[in-house]
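here are the coordinates; sequence isn't available:
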């Protein structure tokens, strides 16, 4: 059974306080949206697992007896992807790695054009991020205003050419995403510097990110270690 949660009930508390990157994302989203928002919803699955749906993406905390039921529900909800912990890899799933920062807090050298308080509107229009500009802008403004996000950029003449952000920040942990650099500025250390600066600023929180396996070596050089394997499903393909 899948039912929507509109109150901060024990199941939501359990998964909000659990270890790992998915729980950090749930906790920050609840603080920003609560239980009655139109664009972010939380569901109990069999009263043991938690499903969060925001925009075209969904994530699942915990095990479920019928994953196909979840996929069918998400297809009807308009979600395009599902990220979850799945013990057995399926043909329709893609492996993703949750990585946790285990580096040392050191004085960071700021990259050229570093900006710790960028214009979120200009960033949304920059084309750097693989996201709908209007949806991104509405979401990131809500999160930044509530202290649940921290976004850095490298800029030239007011235009961002590299960015990285912590888009889910709680008292105990943070989740990094949106790491991107324009092609002309790649291999100059911009992404590395921005990610390292965020990790230092967010210390002593646990800092997580999710990446595709080929990027694990890059983040490993920045002090990240593999914490967990996740599976991502494209809804409608399995």
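In hand now; what should we look at? Remember, predicted model here, so these are calculated numbers, not experimental data. Numbering: from 1, shown residues only.

for this protein, what spans make up the strands?
With DSSP state E, the ranges of strands along the chain come out as 2-4, 40-45, 49-54, 57-61, 81-84, 93-101, 114-115, 150-156, 159-169, 173-181, 206-211, 224-234.

Mean neighbour count, the ones you listed: which tops it?
strand 159-169 (a mean of 24; mean count of other CB atoms under 10 Å). All C-beta spots, glycine's among them, are computed from the backbone N, C-alpha and C.

CSV for the strands of the chain, including mean pLDDT and distance to residue 200?
Formatted as CSV, the strands of the chain follow (pLDDT from 0 to 100; distance: least, CB to CB, whole Å):
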stretch, mean pLDDT, distance to residue 200
strand 2-4, 97, 39
strand 40-45, 98, 29
strand 49-54, 98, 28
strand 57-61, 97, 27
strand 81-84, 96, 27
strand 93-101, 96, 10
strand 114-115, 96, 13
strand 150-156, 97, 11
strand 159-169, 98, 12
strand 173-181, 98, 12
strand 206-211, 98, 10
strand 224-234, 96, 14
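
out of these, which comes closest to residue 195?
Residue 195 lies closest to strand 159-169 among those, at 5.1 Å (CB to CB).

Counting by contacts, list what the closest one packs against.
With contacts defined as 3 or more CB pairs under 8 Å, 6 or more residues apart in numbering; DSSP states H and E, the packing partners of strand 159-169 are helix 21-33, helix 120-124, helix 133-145, strand 150-156, strand 173-181, helix 190-202.

returning to what we had before: got the strands of the chain as JSON lines, with distance to residue 17 columns?
Compiled in JSON lines, the strands of the chain are given as follows (distance: least, CB to CB, whole Å):
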{"stretch": "strand 2-4", "distance to residue 17": "21"}
{"stretch": "strand 40-45", "distance to residue 17": "15"}
{"stretch": "strand 49-54", "distance to residue 17": "12"}
{"stretch": "strand 57-61", "distance to residue 17": "11"}
{"stretch": "strand 81-84", "distance to residue 17": "19"}
{"stretch": "strand 93-101", "distance to residue 17": "17"}
{"stretch": "strand 114-115", "distance to residue 17": "33"}
{"stretch": "strand 150-156", "distance to residue 17": "21"}
{"stretch": "strand 159-169", "distance to residue 17": "14"}
{"stretch": "strand 173-181", "distance to residue 17": "10"}
{"stretch": "strand 206-211", "distance to residue 17": "12"}
{"stretch": "strand 224-234", "distance to residue 17": "17"}
